[in-house]
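K.L.:
pasting a predicted model and its sequence here:
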Amino acid sequence: MSDTSISSAPGRGAGKPPRTPWLQTLRIYLEPASLRMLTLGFSAGLPLLLVLGTLSFRLREAGIDRSTIGYLSWVGLAYGFKWVWAPLVDRLPLPLLTRWLGRRRSWLLLSQALIVAGLVGMALADPRLTLGPIVWCALAVAFGSATQDIALDAFRIESADANRQAALAASYQTGYRLAMIWAGAGVLWIAARSEVAPAVSQAAGQAVAQGAAAYQNGAWQAAYLAMAASMAAGVVTVLFSREPVPVVLPPARNAAEWIKGAVIDPFADFLGRYGWQAAQILALIAVYRISDVVMGIMANPFYVDMGFTKDEVAAVTKVYGVIMTLVGAFVGGVLSMRLGVMRILMLGAVLSAGSNLLFAWLAGHGHDVTALIAVVSSDNLASGIASAAFIAYLSSLTNVSYSATQYALLSSMMLLAPKFIAGFSGDYVNAFGYAHFFTATSLLGLPVLVLVWLASRVKSPTGA
């Protein structure tokens with residue numbers, strides 16, 4: 001593989017990255033745009049676990065059956081279909097807000113307000129009485145979070161040139177992962193310390209006998225209200241940020257012309273710029289994270305079956321593992337700026353597939369916390385490197401005239417095929433065992449290497 005082919009990233013500002021001193025490269029992370037991405041990344045990462053992982057913990061503690069919890073996980077589909085309303089976020093001005101804040105910041109603020117309202121509603125609802133309110137509030141949080149992602153991706157892409165996209169992506173990932181620690185381990189910590197000793201009474205004795213005393217809705221109210229208050233980091237950042245220089249859009253004379261400009265043109269622009277090579281690019285996007293996503297579905301059941309305790313899993317995967325992802329994101333961002341996005345995209349693909357083999361080894365090794373730390377550290381480091389390069393790659397493919405719509409489509413595509421295949425992961429483990437499963441997920445990464453190599457040879461379109 002030649003140096004020339006790997007360093008040519010398609011899209012805006014592609015080509016061989018300029019050589020800058022290491023100190024100057026690192027200082028990019030202290031620039032206002034990078035610091036803004038840190039707090040906005042936190043705002044983006046906070047809601048995800050609160051409507052998925054953490055919510056399932058809360059519902060199970062409240063005595064909700066596993067089947068119902070599984071069905072409720074479908075609220076996360078909002079993230080996979082955000083491209084449907086992305087054209088509206090990309091083009092539609094909001095009354096009063098857009099005039100005051102600008103197109104990107106007005107949508108960010110509106111989506112954050114919806115998230116806060118939804119989290120407050122989830123805090124006040126009691127799932128033991130009825131699930132309706134908590135489900136509707138969770139849907140509001142998921143919809144608001146997906147909308148925030150659309151506006152934030154456009155805000156990030158339009159806030160700096162192509163050479164700084166890797167650094168912004170790394171800063172965004174750092175904030176995102178910090179939020180996942182707070183929304184995962186932090187919310188459980190708050191809930192545990194908000195619990196009160198139940199009064200000794202006949203009613204309390206009956207509750208204990210029925211196994212219901214472990215759940216205290218007041219403790220979860222305090223935890224979710226704290227999460228709602230934590231969204232202030234993103235809200236304040238939006239209010240004190242500068243709106244990116246707006247892309248001048250031709251006025252639409254009627255509804256049909258507006259739909260053409262908002263919905264059809266972004267997709268036609270992408271296909272027009274890359275032609276038949278768009279199929280190669282879309283294929284790469286659809287499967288780049290397949291090893292991680294398919295393996296990740298069976299990770300928690302694997303920990304349980306291996307005999308790891310909740311404290312061990314929480315400490316290693318939810319805190320220490322996320323920290324290693326941050327390190328990986330930082331390394332991936334720096335290396336992408338120094339060596340080019342496509343080189344690090346290839347490195348991330350190799351490391352992501354290879355780290356799954358470590359889980360296959362752990363399956364045969366047995367219960368060993370030290371081994372778990374080593375395996376999770378390697379896996380999360382690889383994931384961070386791959387994520388930083390992948391976000392920068394997706395950013396390079398977009399046209400600033402349609403940044404929100406195009407990025408939403410591309411980022412949604414990366415989950416659809418892996419999520420579909422991952423649905424069969426439990427059946428595969430039942431038939432062949434964990435070691436065979438993790439080895440198979442590693443082999444799924446082999447076609448990705450070929451697609452990265454092919455994508456590296458795609459020539460940058462003129463005028464992108």
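P.N.:
Noted; the coordinates are in hand. Numbers count the residues shown, from 1 in each chain.
K.L.:
which residues in the stretch 101-250 of the chain form helices?
P.N.:
Residue ranges of the helices in the stretch 101-250 of the chain, as given by DSSP state H, counting those that start in this stretch, are 103-124, 132-159, 165-181, 187-193, 202-210, 217-230, 232-239.
K.L.:
so which of those is the most packed in?
P.N.:
Comparing these by mean neighbour count (mean count of other CB atoms under 10 Å), helix 165-181 comes out on top with a mean of 26. Backbone N, C-alpha and C define where each C-beta goes, glycine included.
K.L.:
averaged pLDDT, that helix. What do you get?
P.N.:
Confidence over helix 165-181 (mean pLDDT, whole number) is 82.
K.L.:
relative orientation of that helix and helix 217-230 in degrees?
P.N.:
160 degrees (axes from the mean of the first three to the mean of the last three CA atoms, to 10 degrees).
K.L.:
and helix 165-181, what does it pack against?
P.N.:
Where contact means 3 or more CB pairs under 8 Å, 6 or more residues apart in numbering; DSSP states H and E, helix 165-181 is packed against helix 32-50, helix 132-159, helix 321-339, helix 369-397.
K.L.:
ranking those helices by mean pLDDT, which is last?
P.N.:
Ranked by mean pLDDT, the helices and strands packed on helix 165-181 end with helix 321-339 in last place, scoring a mean of 84.
K.L.:
could you give the angle of that helix to helix 369-397?
P.N.:
Per the same axes, to 10 degrees, the angle that helix 321-339 makes with helix 369-397 is 40 degrees.
K.L.:
quick one, which of the helices of the stretch 101-250 of the chain is nearest to residue 274?
P.N.:
helix 132-159 (17.4 Å; CB to CB).
K.L.:
sorry, back to before: now distance to residue 171 too, for the helices and strands packed on helix 165-181, in JSON lines please.
P.N.:
Shown next, in JSON lines, are the helices and strands packed on helix 165-181 (distance: least, CB to CB, whole Å):
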{"stretch": "helix 32-50", "distance to residue 171": "4"}
{"stretch": "helix 132-159", "distance to residue 171": "9"}
{"stretch": "helix 321-339", "distance to residue 171": "8"}
{"stretch": "helix 369-397", "distance to residue 171": "10"}
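K.L.:
which one of these lies closest to residue 63?
P.N.:
With CB to CB as the measure, helix 132-159 is the member of the helices and strands packed on helix 165-181 nearest residue 63 (13.6 Å).
K.L.:
return the distance of the closest one from the chain's centre.
P.N.:
Put simply, helix 132-159 sits 11 Å off its chain's centre (CA atoms, centre = their mean, to the nearest Å).
K.L.:
and stretch 217-236, by the same measure?
P.N.:
That offset, for stretch 217-236, works out to 20 Å (CA atoms, centre = their mean).
K.L.:
what pLDDT does residue 67 get?
P.N.:
pLDDT, residue 67: 61.
K.L.:
one step back: which one of the helices of the stretch 101-250 of the chain lies closest to residue 378?
P.N.:
Relative to residue 378, the nearest member of the helices of the stretch 101-250 of the chain by CB to CB is helix 165-181, separated by 16.3 Å.
K.L.:
what is the burial count for residue 32?
P.N.:
Residues contacting residue 32 under the criterion other CB atoms under 10 Å number 10.
K.L.:
out of the helices of the stretch 101-250 of the chain, the one nearest residue 353 is which?
P.N.:
The nearest among the helices of the stretch 101-250 of the chain, by CB to CB, is helix 165-181 at 19.9 Å.
K.L.:
distance-wise, check residue 168 relative to residue 192.
P.N.:
36 Å (CB to CB, to the nearest Å).
K.L.:
likewise residue 332?
P.N.:
34 Å.
K.L.:
which residues touch residue 435?
P.N.:
Counting by CB atoms under 8 Å, 6 or more residues apart in numbering, residue 435 touches 360, 363-364.
K.L.:
low-confidence ranges in the stretch 201-350 of the chain?
P.N.:
The stretch 201-350 of the chain contains residues with pLDDT under 70 at 201-214, 246-255, 258, 261-263, 297, 300-301, 304, 309-311, 313.
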